[in-house]
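**Student:** Model the structure of this input:
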Amino acid sequence: MESYLNENFGGVSKHAPEESLQRWRKLVGVVKNPKRRFRFTANLSKRSEAAAMKRSNQEKLRVAVLVSKAALQFIHGIAFQSEYIVPNEVREAGFEICAEELGSIVEGHDVKKLKAHGGVQGIAKKVSTSTSDGLVTADESLKRRENVYGVNKFTESQVRSFWVFVWEALQDMTLIILAACAFVSLVVGVATEGWPKGAHDGLGIVASILLVVFVTATSDYRQSLQFKDLDKEKKKIFIQVTRQGFRQKLSIYDLLPGDIVHLAIGDQVPADGLFISGFNLLIDESSLTGESEPLIVSADNPFLLSGTKVQDGSCKMLVTTVGMRTQWGKLMATLNEGGDDETPLQVKLNGVATIIGKIGLAFAVVTFAVLAEGLVRRKFQQGSYFNWSGDDALLLLEYFAIGVTIVVVAVPEGLPLAVTLSLAFAMKKMMNDKALVRHLAACETMGSATTICSDKTGTLTTNHMTVVKACICGSTKEVSDREEVRIMCSQLPESAVKVLMQSIFNNTSGEVVISQNGKLEILGSPTEAALLEFGLSLGGVFQAVREETKLVKVEPFNSVKKRMAVVLQLPGGGYRAHCKGASEIILAACSKVLDSTGDVVPLDEATVSHLNSTIESFANEALRTLCLAYMEVEDSSLADKEIPADGYTCIGIVGIKDPVRPGVKESVAICRSAGIVVRMVTGDNINTAKAIARECGILTDDGKAIEGPEFRNKSSEEIRDLIPRLQVMARSSPLDKHTLVKHLRTTFGEVVAVTGDGTNDAPALHEADIGLAMGIAGTEVAKESADVIILDDNFSTIVTVAKWGRSVYINIQKFVQFQLTVNIVALIVNFSSACLTGHAPLTAVQLLWVNMIMDTLGALALATEPPNDELMKRAPVGRKGNFISNAMWRNILGQAVYQFIVIWYLRSKGKLLFGLDGPDSDLALNTLIFNSFVFCQVFNEISCREMEKICVFTGILDNYVFAAVITCTVLFQFIIVQFLGDFANTTPLTLYQWFVSLFIGFVGMPIAAAIKLVPIGSK
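**Tutor:** Next up, the predicted model:
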């Protein structure tokens, strides 16, 4: 079976092509209810619609860009008079331009219209905003703005009501046929036996159908609500805006036209807008248009489209169009209906359901044929084959209903849906554990992970950074607190302090702003914040230092070059370039240094050696090291060229402390015991990386640490030999991380989880089996490429995700083991009994009840087991593990053989065993068989809580869902047998008979325990 499943239902992995998604759908046969079965799979037609929309956008934008370029050549220096007439309602609201006009300017890249309206400043004036202070946030004015321009929200599919799920559950083909049988049974029964006696069989089937439908609908409705909650969490994106002169974080859904938004590398453009100011802005429009070539946005081409990503640079943007008025809004509305990719387990279990469904259908047809043939044969023997009574018709109808019900039981429709149920449960719980699952499959794949490639900063460390050591002008000092900084500052030459502060406050992607409560607030990454805090401790005033010079050019931090640089125009008219980044790289670019008197002197070997040993000593103390440098630029035209790569003067080196997170060492140890190899991949200095890796327990005595440049220069054979022992990669580029992940997946067959936070990590996150983005430090581009977002950026949370992933995988295995056992026994018992005795011991109503126990209730009980610590003490499944393992087949067959022997023994010797005689003896025996069969399933459900362990009661009361399902099943079974006999074809049992039924079920538990002792192969 496993090889058939792998061949026909395998290959649906992350980012699977549409052909493979189409292939398995075509192979799925015997589907009782397509609407329910395929509810949580991708809607391929909607996806095709979204792809067509992207192509249309690409063509539209291509034309718009060409037109705007042509227009630019003609309109420079020409003043245009606008022919636009402001609608009255817009003017009355206090604005001079309507939403449609704004939309046409940006979406159409209409330079002519933009110039006619007075350019970006003219548009800002017409939407009543300030490009420096942003919107005024009075409630009334915001409300007016909303009414005129709309809100930044997309049309979403409506939450479906409970009754929609009831209707969908009623679409089950077998239930429709049974309902028809019930109707005919009702009509014939009442006609021949009168009311109410003749209605019992028909009403019994109807009641069973309604019970199945309502329990199924309730389970599905709860799942849909859980997914809706998770969808809301996924869409929580915050952006930096200026309102009333203050910088603040705002949800993108609260943005309005007129808002001033600050964009940096990795941000998603939250609405259509216009470029106000910025540097080196490169926009990736592939998400909107499919165009892979990034677009340069500047004052000449100021149009920014919602949904695109900032690939490089930074800018200030004026929001013009929001929500469904943008192309992104329309695309999102279509994409939302495309659904999530189905998971590999869902596909595989659809395959299992198909195989068993076909077998069950064959059994059902043969069972009905055998029962019908028996009836016809009896009629021939009695010589009354032309004389058919109402009772004969009812009997034939009952046989048909039994055949259909065997299909109901045999087609395990609940298998693929159990995956969804388990994933929905796990995702909700993981959200509480600070992990947001973006793609269903990741939750399940994480359970098979064999390798985690983790970042250092913020994941293994706290990301609360402070400058604790500094080597300025050749002198190394502790600078842990403000007093130490003040002492160091007093000992440094004034000229050196001035250059240092100029470097810190200008060469930064962070900012120091005054918050609404009047306090200083530092914005930016933790590294930038640590440097700015150090600059403030030196006595610098951020805004004052910035205003002394003019920022001419910015080269944002680049993870390949490992540096950030700016060019400033000095008050005297000269130019100065400042550079900072990886210490050894920046130091190698320096030819001069500031000496103890603040003078610029050539960098000799002794000084280089001293500075390198300082870097090494800082790194060995697990400090991040940064080198700051500057150079005088004489050629003013350099501002328009590349910032120089060498010839700098070294100002100094700072050591930044970023402590290891509490609990990381224990989490790494848990991973090791679980067979998961943890590797650190960082851009930091190798000595810093090794020190942190040893502290975390990642780097062992026989482990290997290597730098990115050395790794990328190795041959394929050398990499193959290196990777098994590789534990730390320092000074790595995003390409190195991508290469490592690719080798681990393809050459070594590992299931790889990768963490990432930057824009450049997107390829590695995309390539990995599970991409883990950081929720706090991560950019929107990284989050978009990831499968799971670690909301607290904590490595221990990654271990929790792995534990939940294993729990999902094993819970589904438990449920499959339980359901296949019921399938096999119910099929064989009804089939063999029909063939040998001409009667089926389990009626349609009874089989429907069994179906509900094994399907919806079984999934609720077994697929929602919470994880335990034991899960992390076993080896990972990996890429090639069999889903239905040998241990499962052993348990299934062992339990099925026991149940079949017991049921068959009761069938043949039950009357003698219980002393049953009289006209109701057959009914009493069938009731006993039904009762014993149900209790076999109840105790087997408990046994299925563990597939290998003997003790199955550990933590049973912690899972209230399991306890509630078992209690309800037993309670309802008692009601069916004792009080609903007319409808369920049962008769009340004596206390002794109840005890025997319970005992038969209970004996299955020690038998299950004994079966677990049978040794099996390792597969």
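
**Student:** from here on, contacts and neighbour counts on C-alpha atoms
**Tutor:** Fine.

**Student:** tell me the SS of the closest residue to D481 other than its chain neighbours?
**Tutor:** Spatial nearest neighbour of D481, excluding adjacent residues (C-alpha to C-alpha, 6 or more residues apart in numbering): V468 at 7.8 Å. Classification of V468 using DSSP: H, G, I helix; E, B strand; the rest coil returns strand.

**Student:** what residues are up against V468?
**Tutor:** If you count contacts by C-alpha atoms under 8 Å, 6 or more residues apart in numbering, V468 has them with E478, V479, S480, D481, V654, G655, I656, K657.

**Student:** Mind giving me the PyMOL command for buried ones among the residues you listed?
**Tutor:** A single PyMOL command selects the buried members of these (16 or more other C-alpha atoms under 10 Å):
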select buried, resi 479+480+654+655+656+657
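
**Student:** Same list, the contacts of V468, but as a markdown table with distance to V977, pLDDT and secondary structure please.
**Tutor:** Output for the contacts of V468, formatted as a markdown table (distance: C-alpha to C-alpha, whole Å; pLDDT from 0 to 100; DSSP: H, G, I helix; E, B strand; the rest coil):
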| residue | distance to V977 | pLDDT | secondary structure |
| --- | --- | --- | --- |
| E478 | 81 | 91 | strand |
| V479 | 80 | 89 | coil |
| S480 | 77 | 84 | coil |
| D481 | 78 | 84 | coil |
| V654 | 79 | 95 | strand |
| G655 | 77 | 94 | strand |
| I656 | 73 | 93 | strand |
| K657 | 71 | 92 | strand |
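
**Student:** would CSV of the contacts of V468 with distance to R546 be doable?
**Tutor:** Output for the contacts of V468, formatted as CSV (distance: C-alpha to C-alpha, whole Å):
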residue, distance to R546
E478, 27
V479, 24
S480, 25
D481, 25
V654, 21
G655, 24
I656, 24
K657, 27
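
**Student:** What number of residues are in the vicinity of P270?
**Tutor:** Per other C-alpha atoms under 10 Å, the neighbour tally for P270 reads 27.

**Student:** That one: helix or strand, and which one exactly?
**Tutor:** For P270, there is no helix or strand it lies in under DSSP states H and E.

**Student:** how about the nearest residue to it once chain neighbours are set aside, what does it touch?
**Tutor:** Sequence neighbours aside, S306 is the residue nearest to P270 in space, at 5.3 Å (criterion: C-alpha to C-alpha, 6+ apart). Contact partners of S306, counting by C-alpha under 8 Å, 6+ apart, are Q268, V269, P270, A271, D272, G273, T326, Q327, W328.

**Student:** ok, back up a step: pick out whichever of the contacts of V468 sits closest to A179.
**Tutor:** When the contacts of V468 are compared for distance to A179 (C-alpha to C-alpha), K657 comes out closest, at 71.1 Å.

**Student:** That closest one contacts L623, doesn't it?
**Tutor:** Yes: between K657 and L623 there is a contact under C-alpha atoms under 8 Å: 4.9 Å.

**Student:** and stretch 96-103, which residues are buried?
**Tutor:** Residues of stretch 96-103 classed as buried by neighbour count (16+ other C-alpha under 10 Å): E96, I97, C98, A99, L102, G103.

**Student:** Touching it from outside, list them.
**Tutor:** Contact with stretch 96-103 is made by 86-87, 90-91, 123, 126-127, 148-149, 272, 320-321, 325-326, as judged by C-alpha under 8 Å, 6+ apart.

**Student:** can you tell me which of the residues you listed are in helices?
**Tutor:** If you go by DSSP state H, these have V90, R91, I123, K126, V148, Y149 in helices.

**Student:** Among those residues, name the buried ones.
**Tutor:** Buried members of the ones in helices among the contacts of stretch 96-103, scored by 16+ other C-alpha under 10 Å, are V90, I123, K126, V148, Y149.

**Student:** Report the two of the residues you listed separated the most.
**Tutor:** Based on C-alpha to C-alpha, the longest span within these runs between I123 and V148 and measures 15.2 Å.

**Student:** residue contacts, the residue lying closest to A844 once chain neighbours are set aside?
**Tutor:** Excluding its sequence neighbours, the residue lying closest to A844 (C-alpha to C-alpha, 6+ apart) is I402, at 5.1 Å. Neighbouring residues of I402 by C-alpha under 8 Å, 6+ apart: A364, F368, A840, T843, A844.

**Student:** and stretch 565-581, which residues are buried?
**Tutor:** A565, V566, V567, L568, Q569, Y575, R576, A577, H578, C579, K580, G581.

**Student:** again, but for stretch 356-372
**Tutor:** Buried, per 16+ other C-alpha under 10 Å, within stretch 356-372: 356-361, 363-372.

**Student:** same thing with stretch 860-877?
**Tutor:** Buried residues in stretch 860-877, counted by 16+ other C-alpha under 10 Å: L860, A861, L862, A863, T864, E865, P866, P867, L871, M872, P876, V877.

**Student:** Same check on stretch 103-114?
**Tutor:** G103, S104, I105, V106, E107, G108, H109, D110, V111, K112, K113, L114.

**Student:** Give me the mean pLDDT for the helix or strand hosting the last one.
**Tutor:** Secondary structure here is read from DSSP H and E; on that basis L114 sits in helix 111-116. Confidence for helix 111-116, expressed as mean pLDDT, is 87.

**Student:** If you count neighbours, what's buried in stretch 709-727?
**Tutor:** By neighbour count on 16+ other C-alpha under 10 Å, the buried set for stretch 709-727 is F711, R712, I719, L722, L726, Q727.

**Student:** Tell me how far that stretch lies from the chain's centre.
**Tutor:** Offset of stretch 709-727 from its chain centre (C-alpha atoms, centre = their mean, to the nearest Å): 31 Å.
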